[in-house]
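Trainee: model this:
(chains A and B)
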Amino acid sequence: MILVCGIPSETPLRLVTAQLEALGAPYVLFNQREFAHSDLWFEVDQDAVRGELRLGDVTYRLEDFTAVYPRLMDDRALPELVELAPDSPLRVHCRSLHDALTRWMEIAPGLVINRCAPMATNSSKPYQAQLIREHGFLTPETLITNDPALVRNFRVRHGRVIYKSISAVRSIVQELSDDDEDRLERIRWCPTQFQAYVEGTNVRVHTIGDEVFATAIHSAATDYRYATRQAGKAADLREVELSDELAAQCVALARSLGLEFAGIDLKITEDDEVFCFEVNPCPAFSYYEGNTGQPISNAVARRLAMGARLN
Amino acid sequence: MIVVLCSASDAPALWAWGGLKQLGVRPLELVLAESLAQSSLWEHRVGRDGAHLKIVLPDRRVLCSTRIRGVLNRLVVPSQSVVNLASASDREYAQSELQAFYLSWLHGLPGTVLNRPTALGLCGSWLHRSEWMVRARDAGLRIPTYRQTSQDRPEDSFRSPVPEGALRQTLIAFDGAIFGGEQDTPLARACTRLAEKVRAEILGIDLYANAGGEWVFAGASACPDLSLGGQPLLERIAYQLEGANA
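Mentor: Coordinates of the predicted model:
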């Protein structure tokens, strides 16, 4: 039995559940918005991890879930809670349910795509970049500083420079402009991340187990996810094939980070140098699947149906 | 240069710093989290040549990764003083940015770092009690039953599982050995395995005696009270840090 968690209408979740149905793989959907009618308990003892999940009138044994696909939104932002006071019993129940569910998923013996712990490397981009470098990828020259003079020198040296958050919060890439240089004094309050701009083709690589789906993205925007806003035109996405060596390198990178499913952002230069920008541990793959027809959701569903952990 | 990184209120780290000084570890610098937050220069680079760090502290001391050979790292969180300067709507963002920044430069430090940061903690992994129980059990320790329900508040999981009046002990696992208790026992070996499994160079393991006199796992910390390991632990830490300095 497979457990799928999140909002049923969210596109990646909808695509995966449709594929599970097509495969005839039995699954249970925990709809976060129905938290008021759900309960969960689990316990760890000397022998096992066990527990139960109640969804409405039906109770499931946690031990029967061989695989879990969580795409949980921040439960504190659920629409059902908007009008409720911070200490309202329903809000407290919602938080407690999600905490118990998340804690169980971290120690569940089955396959979880993905657990929180390996996802945490993405909470610090330069930290993850150091892990990525250890796997043989190039990473962009990066400077994090509170010194405007160092940033100006960095820009002189590298020409085009971008800036973005260090953490995963408010992560939008922007190019450093002459106007931005006028307000560089503000970084004295908090070290800020700058990166040399790398010319080349953006390639998003989704790895699911040993399977690899690569998509080339052509856009004039600095951050192609916001192409319409930044460049006035949507990005053009095409399926591409990676060399066996690069595909294997991507699979090895995802696996070393403990990720069953990953979205790896590459940039391949004219000289065929491969830069890796980051590994997204919770990829919203539907954007790529919708534009190219690549069967990513099918691969996720098949991996879930297969169960058993890889590592 | 050997560096002790800790907050001003971290008494065990200050004890270790004093002890390392007495043992003749030199050059030895004490760098407080509160002072780091007031640094006049931060320069952290990541690229083809690896990671590099330069910090100019308020007292003008310079921490540079080319000169650092070993670190006793006890930083749990970045000092909140900078975060508190942010507007209310930016505070969570500022906190995330600083945490992410500290994780990166700590990871990039050269030489021996005790403990190296992980994505789950600046001085080693901070795990939820349920996960510690599974890891401890898998390492061969006896554990109490841990139970969590959606009727419990998340903070309930921080309650100690130790029965009132029970005999307690904390063992420090470091460098394949146990400090503060007996060596070469099944319990010591299980504690060492636990530290290896969570990849903690230094790990404090809290235990209590059950009614049958058996030691039971209560919790673990990547930032334990080092003084419980006494002089032998201090000497082993000095040896490791000095080894990196050789």
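
Trainee: Break chain B down into its domains, please.
Mentor: Following automatic domain parsing, one finds the domains of chain B at B:2-124+B:234-245, B:129-221.

Trainee: Now tabulate the ones you listed in TSV and tack on mean neighbour count and mean pLDDT.
Mentor: Every residue, glycine included, has its C-beta placed from N, CA and C. Converted to TSV, those look like this (neighbours: other Cβ atoms under 10 Å in any protein chain shown; pLDDT from 0 to 100):
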stretch	mean neighbour count	mean pLDDT
domain B:2-124+B:234-245	18	93
domain B:129-221	18	94
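
Trainee: Let me have these in CSV, adding distance to chain A as columns.
Mentor: Output for the domains of chain B, formatted as CSV (distance: least, Cβ to the nearest Cβ, whole Å):
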stretch, distance to chain A
domain B:2-124+B:234-245, 4
domain B:129-221, 4
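
Trainee: Tabulate the ones you listed in JSON lines, adding columns for distance to A:Pro86.
Mentor: Compiled in JSON lines, the domains of chain B are given as follows (distance: least, Cβ to Cβ, whole Å):
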{"stretch": "domain B:2-124+B:234-245", "distance to A:Pro86": "16"}
{"stretch": "domain B:129-221", "distance to A:Pro86": "13"}
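
Trainee: closest one to A:Leu81 among those?
Mentor: Taking Cβ to Cβ, domain B:129-221 is the member of the domains of chain B nearest to A:Leu81, at 15.2 Å.

Trainee: now the helices: where do they sit in the chain?
Mentor: Just going to use chain A. For chain A, the helices defined by DSSP state H cover A:11-23, A:89-107, A:116-119, A:125-133, A:148-158, A:178-182, A:227-231, A:244-256, A:286-292, A:296-306.

Trainee: You answered for a different chain; I wanted chain B.
Mentor: Under DSSP H, chain B gives helices at B:11-22, B:33-36, B:91-107, B:129-139, B:186-197, B:230-245.

Trainee: Other residues contacting the fourth one?
Mentor: The one in question is helix B:129-139. Helix B:129-139 has contacts (Cβ atoms under 8 Å, 6 or more residues apart in numbering or on different chains) with A:42, A:44, A:46, A:49, A:103-104, A:106-107, B:127, B:143-144, B:146, B:148, B:157-158, B:161, B:190-191, B:193-194, B:197-198, B:205, B:217, B:219-220.

Trainee: then that helix to CSV, C-alphas only?
Mentor: C-alpha atoms of helix B:129-139 as CSV (Å, rounded to 0.1, in the frame of the first residue of the first chain):
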residue,chain,number,x,y,z
ARG,B,129,13.7,12.0,19.9
SER,B,130,11.8,9.4,17.8
GLU,B,131,14.7,9.3,15.4
TRP,B,132,17.3,9.1,18.2
MET,B,133,15.4,6.1,19.5
VAL,B,134,15.6,4.3,16.2
ARG,B,135,19.3,5.1,15.7
ALA,B,136,20.1,4.0,19.3
ARG,B,137,18.1,0.8,19.0
ASP,B,138,19.9,0.0,15.7
ALA,B,139,23.3,0.7,17.4
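
Trainee: from the chain's centre, how far out does that helix sit?
Mentor: 18 Å (Cα atoms, centre = their mean, to the nearest Å).

Trainee: The fifth one too?
Mentor: Helix B:186-197 has its average C-alpha position 17 Å from the chain's average C-alpha position, going by Cα atoms, centre = their mean.

Trainee: Export the helices of chain B as a markdown table, with columns for distance to A:Asp180.
Mentor: Below are the helices of chain B laid out as a markdown table (distance: least, Cβ to Cβ, whole Å):
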| stretch | distance to A:Asp180 |
| --- | --- |
| helix B:11-22 | 40 |
| helix B:33-36 | 27 |
| helix B:91-107 | 17 |
| helix B:129-139 | 43 |
| helix B:186-197 | 46 |
| helix B:230-245 | 41 |
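
Trainee: Just tell me which of those helices ends up closest to A:Thr121.
Mentor: The closest of the helices of chain B to A:Thr121 is helix B:91-107. By Cβ to Cβ, the value is 9.2 Å.

Trainee: Give me the packing partners of that closest one, helices and strands only.
Mentor: Packed against helix B:91-107 by the contact rule (3 or more Cβ pairs under 8 Å, 6 or more residues apart in numbering or on different chains; DSSP states H and E) you find helix A:125-133, strand A:142-145, strand B:41-47, strand B:50-56.

Trainee: Including distance to A:Asn291, could these go into a markdown table?
Mentor: Formatted as a markdown table, the helices and strands packed on helix B:91-107 follow (distance: least, Cβ to Cβ, whole Å):
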| stretch | distance to A:Asn291 |
| --- | --- |
| helix A:125-133 | 25 |
| strand A:142-145 | 29 |
| strand B:41-47 | 32 |
| strand B:50-56 | 36 |
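
Trainee: so which of these comes closest to B:Tyr239?
Mentor: Closest approach to B:Tyr239 among the helices and strands packed on helix B:91-107 (Cβ to Cβ): strand B:50-56, 24.9 Å.

Trainee: Which neighbouring elements make contact with the closest one?
Mentor: Against strand B:50-56 (3+ Cβ pairs under 8 Å, 6+ apart) you get helix A:125-133, strand B:41-47, strand B:62-64, helix B:91-107.

Trainee: One more pass at 7 Å, please.
Mentor: The helices and strands touching strand B:50-56, judged by 3 or more Cβ pairs under 7 Å, 6 or more residues apart in numbering or on different chains; DSSP states H and E, are strand B:41-47, strand B:62-64.

Trainee: Next up, the contacts around A:Gly103.
Mentor: One correction, residue A:103 is Arg, not Gly. Applying Cβ atoms under 7 Å, 6 or more residues apart in numbering or on different chains, one finds that A:Arg103 lies in contact with B:128, B:130, B:148.
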